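Novice: Here's a sequence, model it:
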Amino acid sequence: MHLLERACWTAVFAALGCAINSTSFADGLRARGLGIPFDGAPGRFDAITDVEGVTVGYTTLIEGEGKRAVRTGVTAILPRGQSTADKPVFAGVFSLNGNGEMTGTHWVEESGFLEGPVLITNTHSVGVVRDAAIEWRVRHGPPDASGYWWSLPVVAETWDGELNDINGFHVKPEHVFAAIENAHGGAIAEGNVGGGTGMICHEYKCGTGTSSRVVKIDGREYGLGVLVQANYGVRSELRVAGVPVGKMLQDALLRSDPKDTGSIIIVIATDAPLLPHQLKRLARRASLGLARNGSYAGNGSGDIFIAFSTANDAANQVAMASLSALGNGQLDPLFLATAQAVEESIINSMIAAEPMTGYEGHKAAAIDHQVLVKLLRERKVMLDKKTAR
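Specialist: Residues are numbered from 1 along each chain as shown. Modelled structure (predicted):
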């Protein structure tokens, strides 16, 4: 973004009176920091950004109280960083339960390509985020071979209406531009950030979470990273590190008759060379990581997943290209890594989240770290703190 353009957006944000948070580095507590054990070897940052080239940006909107409580935002995942507008990636999508939205997926299914960023927001802001993504594409990429800036953006959502004035339509195009332009690699924030700002899972404050794994296949190392926007589940089914802690944590319930009416969006990135049909298989395995934490994908839940590969840099839709791909018989380590990283990402989103009071005074409590640690130690599953990452 040009300096003049950035100054203009800053003035706009100030005029809107919104708190804009584009955190550059993660500084919150994570599940491994509490000593909670997870299987598999994480990458350097234990984040989706461990996959080289992938960047993540947020715009976080927090202001007001009562009926004007704004608790929402936008998350942007750029598969190839700022080259994303020009270089598509192979991708695959899977819907475990379709009571939700992820735009652009018909073309991903048809073409096998993801063209542009993956954006996540709240349910009633999908339209404005989608339109803003097209505007960003027009500004930053050349037209296609036919001379048109043609775009079907991938924009996903989960419902934050419990804490956010969702019908106030507070997400604006400039918030989308900021999330994309501020996207970076390295450590990223979790919890009450970006599209995850107003989200709740297992009746605790949740939001955005991430994790990664390093796998070896025939002597070569590949990275796999996950980012979730978690807004699903009931307390009684919550499991952490295999322990059914939700049955022991029935305090501060949001509802007297809880139902799994939330949603979760899961984004999976890898640098392993996979073709679209293999990436769809990878996306399906997100379901297994979700189940580890106690989801049963209820009727009212939108559980929609997308996986992409940053390999095959020369792949495009207009010219012949030489491609590489792992064999189907080599995919098991990536399937396992997906389940592991999804499981940890969700728990990270819960551990990092802070309690929030929002729309009409509705409250979402954060999970009590000390109580959780006590329960896990009683079940003898906790790591010694000296070995905790």
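Novice: What residues sit buried inside stretch 374-381?
Specialist: Buried positions in stretch 374-381, judged by neighbour count with 16 or more other CB atoms under 10 Å: 375-376. From N, CA and C alone the C-beta is placed, and that goes for glycine too.
Novice: Find the nearest non-adjacent residue to F177, please.
Specialist: Spatially, and ignoring its direct neighbours in sequence, F177 is nearest to W136 (6.1 Å; CB to CB, 6 or more residues apart in numbering).
Novice: Quick one: neighbours of the one you found, just the number.
Specialist: 24 (other CB atoms under 10 Å).
Novice: Need the CA coordinates for the host helix or strand of it. PDB is fine.
Specialist: Using DSSP states H and E, W136 maps to helix 126-140. The C-alpha coordinates for helix 126-140 follow below in PDB (Å, rounded to 0.1, in the frame of the first residue of the first chain):
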ATOM      1  CA  VAL A 126     -19.700 -12.000   3.700                       C
ATOM      2  CA  GLY A 127     -21.100  -9.800   1.000                       C
ATOM      3  CA  VAL A 128     -19.100  -6.700   1.700                       C
ATOM      4  CA  VAL A 129     -15.900  -8.700   2.300                       C
ATOM      5  CA  ARG A 130     -16.400 -10.600  -1.000                       C
ATOM      6  CA  ASP A 131     -16.900  -7.300  -3.000                       C
ATOM      7  CA  ALA A 132     -13.900  -5.700  -1.300                       C
ATOM      8  CA  ALA A 133     -11.800  -8.800  -2.200                       C
ATOM      9  CA  ILE A 134     -12.700  -8.200  -5.900                       C
ATOM     10  CA  GLU A 135     -11.700  -4.500  -5.600                       C
ATOM     11  CA  TRP A 136      -8.400  -5.600  -4.100                       C
ATOM     12  CA  ARG A 137      -7.900  -8.000  -6.900                       C
ATOM     13  CA  VAL A 138      -8.500  -5.300  -9.500                       C
ATOM     14  CA  ARG A 139      -6.100  -3.000  -7.800                       C
ATOM     15  CA  HIS A 140      -3.300  -5.500  -7.400                       C
END
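Novice: hang on, isn't L372 packed against L34?
Specialist: Yes. Counting by CB atoms under 8 Å, L34 is a contact partner of L372 at 7.3 Å.
Novice: quick one, which of the two is more surrounded?
Specialist: L372 (24 against 19).
Novice: CA atoms only: put the helix or strand hosting the more buried one into CSV for me.
Specialist: Element membership for L372 (DSSP H and E) is helix 369-378. In CSV, the C-alpha atoms belonging to helix 369-378 read as follows (Å, rounded to 0.1, in the frame of the first residue of the first chain):
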residue,chain,number,x,y,z
HIS,A,369,-6.5,-22.1,32.8
GLN,A,370,-5.7,-23.2,36.3
VAL,A,371,-8.8,-25.4,36.6
LEU,A,372,-8.1,-26.9,33.2
VAL,A,373,-4.5,-27.7,34.2
LYS,A,374,-5.7,-29.2,37.5
LEU,A,375,-8.1,-31.5,35.6
LEU,A,376,-5.4,-32.6,33.1
ARG,A,377,-2.9,-33.3,35.9
GLU,A,378,-5.4,-35.4,37.7
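Novice: Number the chain from 871, please
Specialist: Sounds good: first residue 871 from here, last item helix 1239-1248.
Novice: ok, and what's touching it?
Specialist: With CB atoms under 8 Å, 6 or more residues apart in numbering as the test, helix 1239-1248 has contacts from 899, 904-906, 1110-1111, 1113, 1115, 1118-1119, 1221, 1252.
Novice: Quick check, R1000 in contact with P1023.
Specialist: Yes. Counting by CB under 8 Å, R1000 does reach P1023; the two are 5.1 Å apart.
Novice: So between these two, which is more surrounded?
Specialist: Higher neighbour count among R1000 and P1023: P1023, with 24 against 20, using other CB under 10 Å.
Novice: and the more buried one, how far is that from L984?
Specialist: Plainly put, P1023 is 10 Å away from L984 if you go by CB to CB, to the nearest Å.
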